[in-house]
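# The amino acid sequence is not available; the structure is as follows:
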């Protein structure tokens with residue numbers, strides 16, 4: 001059984017990582033931390049968008065792996081995955097969401113449901 005953690009990021013009251021910035025959507029993005037400690041960021045259709053710094057320029061990101069210290073923009077709020085994880089309460093870090101039937105290999109997010117599915121589906 002694989003383990004991973006999912007953190008919803010935004011300025012709304014029902015998110016796991018709350019950012020008090022008017023340019024951040026109520027639900028801006030999701031950050032998945034894999035069992036191996038990799039970070040996968042998905043923009044949740046936010047109004048301000050999400051970007052990652054690549055080669056000194058801001059590149060829009062819909063979904064993709066990011067390094068812990070990659071600079072990311074959520075709306076106009078600049079941070080890193082490592083800084084976001086520091087904002088999670090310690091008790092919340094111990095909650096690991098499990099799923100038995102994770103897809104193998106490359107994955108993508110279903111545009112209708114938001115579910116993570118295998119690339120071949």
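Perfect, thanks for sending it. Keep in mind that what you see is a predicted model, and the values were worked out from it rather than measured.

# And stretch 37-45, what's buried?
By 16 or more other CB atoms under 10 Å, the buried positions in stretch 37-45 come out as 39-44. No exception for glycine: its C-beta is placed from N, CA and C like everyone else's.

# dump the residue contacts of residue 55.
Counting by CB atoms under 8 Å, 6 or more residues apart in numbering, residue 55 touches no other residue.

# any idea how far residue 83 is from it?
As judged by CB to CB, to the nearest Å, residue 55 and residue 83 stand 21 Å apart.

# rewinding a little: closest one of the buried residues of stretch 37-45 to residue 60?
residue 43 (8.1 Å; CB to CB).

# I'd say the closest one and residue 64 touch.
No: Residue 43 is beyond contact range of residue 64, at 9.8 Å (criterion: CB atoms under 8 Å).

# residue ranges of the strands in the protein, please?
For the chain, strands defined by DSSP state E occupy the ranges 2-10, 17-18, 29-34, 39-43, 50-54, 57-60, 63-66, 72-74, 77-79, 97-99, 107-109, 116-118.

# from those, which stretch is densest packed?
Highest mean neighbour count among the strands of the chain (mean count of other CB atoms under 10 Å): strand 72-74, with a mean of 23.

# And stretch 39-58, end to end?
Distance between the two ends of stretch 39-58: 18 Å, counting by CA to CA, to the nearest Å.

# whoops, I mixed them up, stretch 106-119
6 Å.

# same question, stretch 20-31
Here the two ends of stretch 20-31 are set 17 Å apart, with distance taken as CA to CA.

# Can you tell me the centre-most residue of the protein?
Against the mean C-alpha coordinate of the chain, by CA atoms, centre = their mean, the closest residue is residue 31 at 2.1 Å.

# Would you confirm that that residue contacts residue 17?
Yes: using CB under 8 Å, residue 31 makes contact with residue 17 at a distance of 7.3 Å.

# Which neighbours do the two have in common?
Common neighbours of residue 31 and residue 17 (CB under 8 Å, 6+ apart) are 7, 9, 84.

# Which single one of these is nearest to residue 107?
Taking CB to CB as the measure, residue 107 lies nearest residue 7 of the shared contacts of residue 31 and residue 17, at 17.8 Å.
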